[in-house]
Every structure is written in C-alpha cells, then in structure tokens.
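In: Sequence and predicted structure are below.
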Amino acid sequence: NVIFKQIFFPVFAGIKILLHLATADNLGFQRDEFLYLALGRHLDWGFWSNPPFIGFVGWLSQTMFGDSLWATRLLPALLGGGLIMLVGTMVRDLGGGRFAQILSGTAMLFSIAWLRTFSMLQPVPFDVFFWALLSFGLLKWLKTNDVRWWWFIGAAAGIGFLNKYSIAFWAAALLAALLLTPQRRVLATRMPWLAAGLALLIFLPNLVWQWQYNFPVVNHMGELARNQLDNVEPVNFLLDQFLFHGPGGAAVWLAGLVFLLRAPVMRPYRLLGWFYVATLLIFLAFSGKSYYTLGAYPVLFAAGAVWWERFLKKTWSRATLVVAVVLLALPLFPTGVPIWPAERLVLYFEKLTGAGIVAVRWEDGELHPLPQDYADMLGWPELAALAQKADERAGGNPYLIYGENYGQAGAVEHYFRKNGRRVEVASFADSYRLWAPDTISANVETLIYINDELGKDVQALFADIQLVGRIENPLARERGTAVWLCRSPRSSVAEFWVERVKMV
C-alpha cells in the first residue's frame, strides 16, 4: 500500500506529460506563445498586459531548451504533471485511499480543461497551479491549525500575482469564504495580514514598474472589457463550468463541492467549498471569462474523489465509475489536445456542434470551424515566408518591418532569420509598444508592412506599394493577412515613424 501510494501519482503525471509532448507539434505555435517568447527576450519587472513571471518562463524555456515548438511546451507539460501530483497530496490530506487516488488521477488526466490548459505556453497553467498551491496551503492550515502555513499562502499569492493579476479575485473569494465560516476569527489575528504583507512585498517590484509606466494594466483591462468580456454571456459561462472537465470530471468535482459544503466530516474544510462558490459569483459579477475559474477546481477534484470512495464500497462499482470517466471523456478528447490534422479536426467539430456540444465559439461570440486556440496555431510559417520574400525584393536596402498585432510580429521574429540572426519587427500591439524604437535611421526608405488591409497613412506615404502575398489557409484566424513592400516614400519615413510613436 505504501509503495503503491508513492508511485501511483508519478505514473499518472508521467502519462500526462508524455501525452502533451506527443501532441505538441500537431498544429503549430499559438499566437500568444510568440508574445510570451518575445517577453523572454525583453526581461523586465512588468509588461503591457502581463506581470513579469511569464516573461521569466519564456526566458528560461528558450535558454534551457531552445525555441522549438516541443521545447516551448515542455514546461507547461511538466506543470500539468505537477498539478496531478499536488491533487494527489490533497487527496491523502483529506483522508483518501487508493481508490480516491485512482479516481482523481483518472479524472484529472482526462479533463478537457486540464488538457487544453497545459498544452501551451501561457500564464493560465501557472495561474491554475498557483491557485492549487494556495488551496493546498489553506487545506494544510485547516487540517493542522498551524498558522505558519499562512507564510506559505502569502508567498504563493505574491508569486501568483507576478504571474497573473487574477490572484486579486482569489483574495476576494477567500475573504468572502472566511466571513461565511467560523474561520473568520483568524482575521482578528496578525497572520493573514502578515501573509498579505509578504505577498505585497513579493509583488512590489511589479507595482513600482506599473507606477513608472503609468499603470498600463488599467488600460489593458479596459480594452479587455470592451473587446472580449462584453461578449461573455452568464448562461455560457455557467454551462462551460460543466463542460470544462467532461461529464465524468463534472461528476467528481460536483460531488466534491457538495461533500465540502454538506458533509459533517468535512466541516473543518467547509471554507474550501464556500471559496469555490464565492469565486464563481465574483467572476459572474465581473463578466469574467469561463476559464478564469479553473484554479478553484483542483481541490474539488480531490474532495470529490474522497466522497466517491466513501460512497462506493464494491470493487465492481468503483471500477465502473473509473471506466465511465474515461469513456465519457474520450469522445471530447480532441477538444483538449489537437490529436489530428486541422482538416480532420474540422469534421470532428462539425459533428460535435451537430450533437449540441459547442466548442468552437470564439471570444467574438460567433461559431467557427475550429476552436479559437486551434485557429490561432495556423498560418504563421506562411506569413514568415511572405516576409522573407519581401526581404528578397527589397534588394538589400534598409527597411523597417511592422506588424499590426503581436502574433504577426512574433511569428516573423520567430521564423525569419537573416544572416543567422533573428529579425526585429516593430509593432504597437500589447508589450511590443514598450520595445518599439522611438526613432529609426534616416536611411530607411522601405517598409515591410503586415496587416489584413493597407492603412490610409501608409498609402499616402509611399508611391510604390506591392502586395507580396496573403495567408491563404482557410482555417487560420489570420487568413487574409497580407505582406506589402512599400517603397519610394513621398516624405521622410523617419519623421513619419516619430509621429506614429507619439500617437501610441
């Protein structure tokens, strides 16, 4: 039994890691991954839309493993395995035995949300892991009544803040849960406030950076609310909570929620159940995206597995539940990881939508042939090849490459090498605006311009504009994005650029 408990979750974690690595290069880099790799090449204590942690991860990944697709997705895959290990620890702390570990490991491994989350380099998997660490710290505190665990909670919250500002919602949900439970008395002691001070101290360098740059996070949150969060429907938000982990996963976490809130044996841990409820209500109130709640689920998986172990006594009934979790998840597996080429995935999602399961709704609220993440993985090598063709037509003359969004800029930087060196692409999108040069050489009279359409200001500046080509892949979100070679300026390109910088 002891040996089994020691090796069981490492086996599940290893399977998850291998699964992610085996499917890592089935489509291509996702748009946001180019940005996070670029952050790693411009380390700082903050960025336009992100705290600094993901930039550090991007730097670490490129320094240690390189910038291939497989190497870029190695750290998220390892983190996914780590989450399974952490949930296994929470299962044991809640009194779970062998079956609870089997069930929670299976449910975690076949969860659609965990598959999608840990398949790409992005802040989300680290955010989920930090929330899980915080749940683990709370669980340890509730179990042992040892207030020293608040130091762990404060440190995890501080580092979590350096990864994603959504930790603020975690803090708000925790405060609400504390007020709803007898543990509210801890607020009259110094430990939670010392933990908050530790978190603030860890987060302070980014706060100083935000102040130095006029708090760009405020502008970013405003843009996010206008362009994305306005399209969030409460019904879809709630429905996604049940679809995230598949039917089998939902049976586990729902049992965990009820177990935490209702079972007398779980009274010491009731705070964790109210924490989930508070998290859900807060994100509903603020029109948060569906996946913002993901960090609140790991502890529910642990509690649910313990409940099912207590409820099911017969070996055959336990085996039936585990098999059901697997079989119910398998038809949805391609929504978690792209196990097929894009064309076959389109046919799959057509059938899925026809069956009433919508997994292809983008942040614009509309339905498309592929999920947005998958569509964002297509067309990038094609775009870089067009930029290289424009370079060849430029005939060796000095030029500036400009990409309208960070996906375009990052993809060209990633794929296009000239004389063995990475080309630099200017952009005013997201954190690229922080690195855009204030001035360019007066010798630059050529512009390689990347966008879906030609701006009027560019048309007015250049007398000779040639369309080099467009992304033709019909499934790519960037389909139609074009590369233009712009020459023979009617006025100074350097002066034009200075004026554009002033507008940002």
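Out: On my side now, so go ahead.

In: Tell me which other helices or strands the strand or helix carrying Leu239 touches.
Out: Take DSSP states H and E as the rule and Leu239 turns out to sit in helix 234-243. Helix 234-243 is packed against helix 270-285, with contacts defined by 3 or more Cβ pairs under 8 Å, 6 or more residues apart in numbering; DSSP states H and E. Where C-beta positions appear, they are placed from N, C-alpha and C, glycine not excepted.

In: Show me which residues of the helix it packs on are buried.
Out: Using 16 or more other Cβ atoms under 10 Å as the test for burial, helix 270-285 gives 270-280, 282-283.

In: Equivalent analysis for stretch 60-69, please.
Out: Neighbour-count burial for stretch 60-69, counted by 16+ other Cβ under 10 Å, picks out Ser61, Gln62, Asp67, Leu69.

In: Can you tell me the closest non-neighbouring residue to Val35?
Out: Heads up, residue 35 is Leu, not Val. Using Cβ to Cβ, 6 or more residues apart in numbering and skipping residues adjacent in sequence, the residue nearest Leu35 is Tyr406, 4.7 Å away.

In: number of nearby residues for the one you found?
Out: Look at Tyr406: counted by other Cβ atoms under 10 Å, it has 26 neighbours.

In: Closest one to Pro123 out of the buried residues of stretch 60-69, please.
Out: Set against Pro123, the nearest of those by Cβ to Cβ is Ser61 (13.3 Å).

In: For the helix or strand where the closest one lies, enumerate the helices and strands it packs against.
Out: Counting by DSSP H and E, the element that carries Ser61 is helix 53-65. In terms of contacts (3+ Cβ pairs under 8 Å, 6+ apart), helix 53-65 is packed against helix 31-40, helix 69-72, helix 74-93, helix 123-144.

In: out of those helices, deepest packed?
Out: The highest mean neighbour count among these, using mean count of other Cβ atoms under 10 Å, belongs to helix 31-40: a mean of 24.

In: still on that earlier bit, for the buried residues of stretch 60-69, work out which two are farthest apart.
Out: Top of the distance list for the buried residues of stretch 60-69 (Cβ to Cβ): Gln62 and Leu69, 12.4 Å.

In: quick one on the thing from earlier: centre of the chain to the helix or strand following the helix holding Leu239, how far?
Out: Note on helix 234-243: by DSSP H and E, the next helix or strand toward the C-terminus is helix 246-262. Offset of helix 246-262 from its chain centre (Cα atoms, centre = their mean, to the nearest Å): 24 Å.

In: who are the neighbours in contact with the closest residue in space to Ala176 that isn't next to it in sequence?
Out: Spatial nearest neighbour of Ala176, chain neighbours left out: Ala278 (3.9 Å); criterion: Cβ to Cβ, 6+ apart. By Cβ atoms under 8 Å, 6 or more residues apart in numbering, the contact list for Ala278 reads Ala172, Ala173, Leu174, Ala176, Ala177, Leu180.

In: try 6 Å
Out: Taking Cβ atoms under 6 Å, 6 or more residues apart in numbering as the contact definition, Ala278 lies against Ala173, Ala176, Ala177.

In: And it, how close does it get to Gly256?
Out: 16 Å (Cβ to Cβ, to the nearest Å).

In: cool, and Ala285?
Out: For Ala285, the distance to Gly256 - Cβ to Cβ - is 24 Å.

In: Tyr36 too?
Out: Applying Cβ to Cβ to Tyr36 and Gly256 gives a distance of 32 Å.

In: pLDDT weak spots in the protein?
Out: Low-confidence segments of the chain, defined by pLDDT under 70, are located at 1-8, 224-232.

In: any idea where the strands of it begin and end?
Out: Assigned by DSSP state E, the strands in the chain fall at 399-403, 417-418, 421-422, 446-451, 462-470, 482-489.

In: Take these and lay them out in JSON lines including mean neighbour count.
Out: Below are the strands of the chain laid out as JSON lines (neighbours: other Cβ atoms under 10 Å):
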{"stretch": "strand 399-403", "mean neighbour count": "23"}
{"stretch": "strand 417-418", "mean neighbour count": "10"}
{"stretch": "strand 421-422", "mean neighbour count": "10"}
{"stretch": "strand 446-451", "mean neighbour count": "23"}
{"stretch": "strand 462-470", "mean neighbour count": "15"}
{"stretch": "strand 482-489", "mean neighbour count": "20"}
